[in-house]
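Trainee: Structure for this input, please:
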Amino acid sequence: MSIIKEKSTRGNLILTFGVLVIAVFLTLSFTATVQADNLLGNPDFSQDFYTAEDDLEEEGTGNFDTLNNWLYLEENVEASATIEKQMFRVDIDDGGINTWSVQLLQAPITIENGYRYRVEFDAKASKDREMEVKVGGTADRGWSSYNSDAGETGQSDGYLVDLTTEMKSYDFEFVMTASTDDLARFEFQLGADEGNISLDNVKLYKIGEEDLGDMPDPDKKEWVYDKEYFFIFNLAVGGNWPGYPDETTEFPQQMEVDYIHVYDEDGELHWKDEFDGDDINQDYWTYEVGNGHEQGIPGWGNNELQYYTEGDNAWIEDDKLVIEAREEEISDEYGSYDYTSTRMITKDKVHMEYGKVEIKAKMLEGQGIWPALWMLGADIAENPWPGSGEIDIMEYLGQNTDEVHGTIHGPNHYGGGGIGSSYTLEEGNFNDEFHIFAFEWEEDEMRWYVNDELFHVVERTADNEVNKVEVGEEIDYTENEIVNGDFSSAIVDDMDGSPDNWYVWAGEGGAVGDYGVEDGEFKIEITELGNEIWAIQFAQFLKLTPGDYKISFEARADEPRDIIAMVQEDGGAWTVYGEKTAKLGTEMQEYTFDVSLEEEDIPRFLFSLGATEAGDTTTVYFDNVELEKIN
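Mentor: The predicted structure follows:
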């Protein structure tokens, strides 16, 4: 648990932040002097800071060496930073959609397993607003947060601090329960809002060793699917995963549900709603209202744009539930919103533990529209997400009309690390007609179906962890080789059916135009960068035996931009086995990077074509992608 203390001292300020860490607040009423060395350089901003223009060394995604000083970074925002009166100050006109879109960081810092740390800093803002502070890992560690506290964290699991217009001091402590990280980062995440922020007197101390005997395994993907869950039907507009509506998105958008049937472990009907009355049954359903501010998660934790009304956007028509998203302005005490929709839940009315669920529903079509039929642990009030657990029976992105997803989220497997699979229709689209989404739940196994076809299975291991079970025919991977690296034939472009061949994936707001093999090269038109570096991927899975490798490839672009080539574990700790940031010009050029594995794996080899540091919407070309084993 992480707790932050705020003292109304006028001149100083002190702060905290968040894959598993326990942060404890000091109960003393005065500021204790910690006799330890500050692990951060330039704490009082008596020296200037670095920016992206200084081209500091980056060994792998996010692994900067900031030379015992601060590095200021920004991505797709309008902001400027300076030193003013020996304080760091950033002025933000457009902070983007993510907290990390504007950040001040210092790295590498060694954060040791089993030690307690203390963070202190002073800060103020031009208005009351939140700021996220994170001590955590880079891409090699799955961007883990080491000072997280469920319920009070931000987008990246960093601790949220409530800033005011008065300079105040903040402090907090945390215990590092993950394995020692010699490449950790200390980050102030300043984006997702506007105005100015000032920072000063930043300190990070290692206080002393802690007994971790009673603390949980920091990497354990704990099975939390042995209790009651309640149902949620909602239709979101925009978010980190689907991206946002554009000029092609038409409103209103409707999701229709024919019925939900819930059976117990013996196959007996436990509960059903066939939506055959005049109105939505209030004995079953409750409306959640707003944009998530009341729950402490503005944008519902996903940067969603819609305001959920109290039933105005849902009704019964022709014996079916209709949930409608509209483009219309509405305001509340927290702000104004351009879209309305409905989120309805069965909490405290209808719960389920083990059995089977069948939901017959029809989807929609539209960039940035995000329907979901899902479940949350009924103990969420006492056990905040992700500890409560989440079961996504069906999620759908309105721009991908032939694909749905089934996923679970829990301790150490949540957000981008959720354990899931997707299902793609062989013919037609989910917005053409109704389809049946089914979920079977046993004590030690869960299964997901579309129209009676199994596509996702997870099981409970002997030590109470989650394990994903592969479904379908086993892929006969070619060992230690890139398939079709010379693009002598068309790409297969089937991530689920043929992951050992090239495919294109876009999400998180990323979008592509035409792509394919032409004149012996692969070309892909990038039309929207999206919100993440990896929002657009050109990739394939590789079967690699232990050892060292060299990957080479040729690439160019119609307009100069950078891309990131990476070999990364698919799930687990998302370990990066090797990567290269390639700065493309208009002429074809060869790039190489090293890859190393200690154990056999089937990682993803991908080119990330999204919102990189110098990303641009242009056409990118590839050729002669080769893998060579060194030893």
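Trainee: okay, CA-based contacts and neighbour counts for the rest of this
Mentor: Will do.
Trainee: Which residue ranges of the stretch 1-150 of the chain form strands?
Mentor: Residue ranges of the strands in the stretch 1-150 of the chain, as given by DSSP state E, counting those that start in this stretch, are 5-7, 21-23, 50-51, 71-74, 78-84, 87-94, 102-111, 115-125, 129-136.
Trainee: So which of those is the most surrounded?
Mentor: With neighbours taken as mean count of other C-alpha atoms under 10 Å, those reach their highest mean count in strand 129-136, at a mean of 25.
Trainee: picking up where we left off before, adding mean pLDDT as columns, could you present the strands of the stretch 1-150 of the chain in JSON lines?
Mentor: Below are those laid out as JSON lines (pLDDT from 0 to 100):
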{"stretch": "strand 5-7", "mean pLDDT": "30"}
{"stretch": "strand 21-23", "mean pLDDT": "38"}
{"stretch": "strand 50-51", "mean pLDDT": "95"}
{"stretch": "strand 71-74", "mean pLDDT": "94"}
{"stretch": "strand 78-84", "mean pLDDT": "95"}
{"stretch": "strand 87-94", "mean pLDDT": "96"}
{"stretch": "strand 102-111", "mean pLDDT": "95"}
{"stretch": "strand 115-125", "mean pLDDT": "94"}
{"stretch": "strand 129-136", "mean pLDDT": "92"}
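Trainee: Which among those strands is found nearest to Glu445?
Mentor: Proximity to Glu445, assessed across the strands of the stretch 1-150 of the chain by C-alpha to C-alpha, is greatest for strand 21-23 (28.5 Å).
Trainee: Lowest mean pLDDT among the helices and strands of the chain, which one is it?
Mentor: Using mean pLDDT, DSSP states H and E, strand 5-7 stands out as the lowest-scoring helix or strand of the chain, at a mean of 30.
Trainee: roughly how far apart are the residue lying closest to Phe233 once chain neighbours are set aside and Lys349?
Mentor: Leaving aside its chain neighbours, Phe233 sits nearest to Leu373 (4.9 Å; criterion: C-alpha to C-alpha, 6 or more residues apart in numbering). According to C-alpha to C-alpha, to the nearest Å, Leu373 and Lys349 sit 17 Å apart.
Trainee: And these two? Which one has more around it.
Mentor: The neighbour comparison of Leu373 against Lys349 (other C-alpha atoms under 10 Å) goes to Leu373, with 20 against 13.
Trainee: Where does the more buried one sit: helix, strand or coil?
Mentor: Following DSSP: H, G, I helix; E, B strand; the rest coil, we place Leu373 in the strand state.
Trainee: what's around the residue lying closest to Asp594 once chain neighbours are set aside, how many residues?
Mentor: On the basis of C-alpha to C-alpha, 6+ apart, the spatially nearest residue to Asp594 that is not a chain neighbour turns out to be Lys550, at 4.7 Å. Burial of Lys550, expressed as a neighbour count using other C-alpha under 10 Å, amounts to 15.
Trainee: now Glu465
Mentor: That count, for Glu465 with other C-alpha under 10 Å as the rule, works out to 14.
Trainee: what bridges to it?
Mentor: Beta-bridge pairing for Glu465 (DSSP bridges): Glu222.
Trainee: Tell me who's in contact with it.
Mentor: Lys220, Lys221, Glu222, Trp223 (C-alpha atoms under 8 Å, 6 or more residues apart in numbering).
Trainee: starting at the chain centroid, how far to the host helix or strand of Gln540?
Mentor: Secondary-structure assignment from DSSP states H and E places Gln540 in strand 536-541. Between the mean C-alpha location of strand 536-541 and the chain-wide mean there is a distance of 18 Å, by C-alpha atoms, centre = their mean, to the nearest Å.
Trainee: Pull the residues that contact it.
Mentor: Judged by C-alpha under 8 Å, 6+ apart, the contacts made with strand 536-541 from elsewhere in the structure are 495, 499-507, 510-512, 529-530, 602-610.
Trainee: List buried residues within these.
Mentor: Among the contacts of strand 536-541, those buried by neighbour count (16 or more other C-alpha atoms under 10 Å) are 495, 499-507, 510-512, 529-530, 602-610.
Trainee: Give me the subset of those lying in strands.
Mentor: Taking DSSP state E as the definition of strands, these contribute 503-506, 510-512, 529, 604-608.
Trainee: tell me the pLDDT at Glu288?
Mentor: Glu288 is assigned a predicted lDDT (pLDDT) of 97.
Trainee: Contacts only, for it.
Mentor: Per C-alpha under 8 Å, 6+ apart, neighbours of Glu288: Tyr308, Thr309, Glu310, Thr342, Arg343, Met344, Ile345.
Trainee: Of the residues you listed, which belong to strands?
Mentor: Using DSSP E, the subset of the contacts of Glu288 located in strands is Tyr308, Arg343, Met344, Ile345.
Trainee: Tell me how far the last one lies from Gly41.
Mentor: According to C-alpha to C-alpha, Ile345 and Gly41 sit 49 Å apart.
Trainee: With the third one instead?
Mentor: With distances taken as C-alpha to C-alpha, Met344 is found 49 Å from Gly41.
Trainee: These two: who's more crowded?
Mentor: Neighbour comparison, Met344 and Gly41: the larger count goes to Met344, with 22 against 18 (by other C-alpha under 10 Å).
Trainee: for the more buried one, what are its contacts?
Mentor: Listed by C-alpha under 8 Å, 6+ apart, the contact set of Met344 reads Ile232, Phe233, Asn234, Trp285, Thr286, Tyr287, Glu288.
Trainee: so what's it bridging to?
Mentor: Phe233, Tyr287.
Trainee: on that earlier part again, next SSE after the strand holding Gln540?
Mentor: The helix or strand immediately downstream of strand 536-541 is strand 547-557, counting by DSSP H and E.
Trainee: where does the spatially closest residue to Ile111 that is not a sequence neighbour sit relative to Thr138, distance-wise?
Mentor: Taking C-alpha to C-alpha, 6+ apart, and ignoring the residues beside it in sequence, Ile111 has Asp181 as its nearest neighbour in space, at 5.4 Å. Asp181 is 10 Å from Thr138, where distance means C-alpha to C-alpha.
Trainee: what does Asn412 give?
Mentor: 16 Å.
Trainee: Quick one: mean pLDDT for the helix or strand encompassing Asn196?
Mentor: Assigning secondary structure by DSSP H and E places Asn196 in strand 195-209. Confidence over strand 195-209 (mean pLDDT, whole number) is 95.
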